[in-house]
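>>> Below is the sequence, then the predicted model.
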Amino acid sequence: MHRLRQAARASRRTGRRGRPGRRRRHAHPRWGTALVTSLSPAVADAVRCRWPDRAAAWIESLSNELAEVCAALAVTPTGRTFSARSAHVIEATSRSGVRLVLRSSPDPAAAHQAAVSERLAALDLAPALHLVSNTQTSTWTAMDAISPGTSLAEQEPTPSQLARVTEMMGVLRSGSGPVSAPDIVPWLHARLTEPPADDQPPHRGPAAEEQRRAGLDMLDQLADDLRPGLCHGDLSPPNVLHGGRRLWFIDPRGMNGEAAYDIAVLALKLSYDDLNTARALARSIALGSGDDPDRAAGWTVVADAATV
């Protein structure tokens, strides 16, 4: 583990200012120039659709950048990949058997996502990060692999696990967001005003105009008394993992906001987008975590109308 952290510090010194530093290439005993875990065609298509000006360079650079990251951390890809809409996410192991999850994203906001991940990890809410590296084409992160790693989307939470989530939200409220991260309110306003056709949940499209107007009204009310701080931004069930006897948050959106918003998103998704059920659940979690139940309920209206 010390070796991984040492490599990560070296990687940060060479790669976090936006251009990868020059690193010595290492021959790897188990794989050559080809990716053991090739990029999913679905991910490649999604990246071309969302960021057409970045896709080609990202895809072309992926293999070489992966080799550099593995050399810096002294790890080897296992061949296992993880589901992601627009990022390449794989498992790698060290010689001593330490398992890491390596992630490369061409998303221009990925650097903010990594910054929020670091804040969450510092509060012991997210897996430890061993590397954050910004290159000309992507942002790379390496974090501890979580076992068993099933999510709340695959295994619904028990009452005790919901209680644990409530405790975690109380810890989240105490954190401060990265200064560099944007605020979540303009992003939500844009989704409510002009719903993006290429970024909607697979089971539903944009909300009706009347519902979006109600969401905008609620957003304006909440924004007048915004309590900015650390915010996951995308606390849906797939981003809450079972890790032995505890839960972990992964894949934040990379924006500052309120913990009450995260409570609302999780409640909405656990309620299968039933707004009345979500409001009640959001109020319950907010009360247990020391947050404002009225704000959490209000954020469910916004999250539902914005189809986050």
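Nice, I can see it.
>>> Show me where this structure has its helices.
2-15, 41-50, 52-73, 110-122, 159-173, 184-193, 209-224, 259-270, 275-289, 293-305 (DSSP state H).
>>> got the angle for the longest one vs helix 41-50?
Just to be clear, that refers to helix 52-73. 130 degrees (axes from the mean of the first three to the mean of the last three CA atoms, to 10 degrees).
>>> what about helix 52-73, distance to the chain center?
20 Å (CA atoms, centre = their mean, to the nearest Å).
>>> picking that back up, mean pLDDT for the helices of the chain - can I get that in JSON lines?
Shown next, in JSON lines, are the helices of the chain (pLDDT from 0 to 100):
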{"stretch": "helix 2-15", "mean pLDDT": "41"}
{"stretch": "helix 41-50", "mean pLDDT": "95"}
{"stretch": "helix 52-73", "mean pLDDT": "96"}
{"stretch": "helix 110-122", "mean pLDDT": "97"}
{"stretch": "helix 159-173", "mean pLDDT": "96"}
{"stretch": "helix 184-193", "mean pLDDT": "97"}
{"stretch": "helix 209-224", "mean pLDDT": "97"}
{"stretch": "helix 259-270", "mean pLDDT": "97"}
{"stretch": "helix 275-289", "mean pLDDT": "97"}
{"stretch": "helix 293-305", "mean pLDDT": "98"}
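>>> Nearest to Ser138, out of these?
For the helices of the chain, proximity to Ser138 was assessed by CB to CB; helix 52-73 is nearest, at 5.5 Å. (C-beta placed from N, C-alpha, C; glycine too.)
>>> just to revisit the earlier point, most neighbours per residue, which of the helices of the chain?
helix 259-270 (a mean of 28; mean count of other CB atoms under 10 Å).
>>> OK, contacts around the residue lying closest to Leu125 once chain neighbours are set aside?
In space, Leu125 comes closest to Phe249 once its chain neighbours are excluded; the distance is 5.1 Å by CB to CB, 6 or more residues apart in numbering. For Phe249, the contacting residues are 120, 125-126, 168, 232, 235, 239-240, by CB atoms under 8 Å, 6 or more residues apart in numbering.
>>> just curious, which of those is nearest to Asp273?
Using CB to CB, the contacts of Phe249 come closest to Asp273 at Leu235, 14.8 Å.
>>> how close does Arg283 get to Ala67?
50 Å (CB to CB, to the nearest Å).
>>> burial of Gly257, as a residue count?
26 (other CB atoms under 10 Å).
>>> beta partners of it?
Beta-bridge pairing for Gly257 (DSSP bridges): Gly229.
>>> check contacts around the residue most central in space within the chain.
The residue lying closest to the centre of the chain (CA atoms, centre = their mean) is Asp251, at 1.5 Å. Residues in contact with Asp251 (CB under 8 Å, 6+ apart) are 113, 234, 239.
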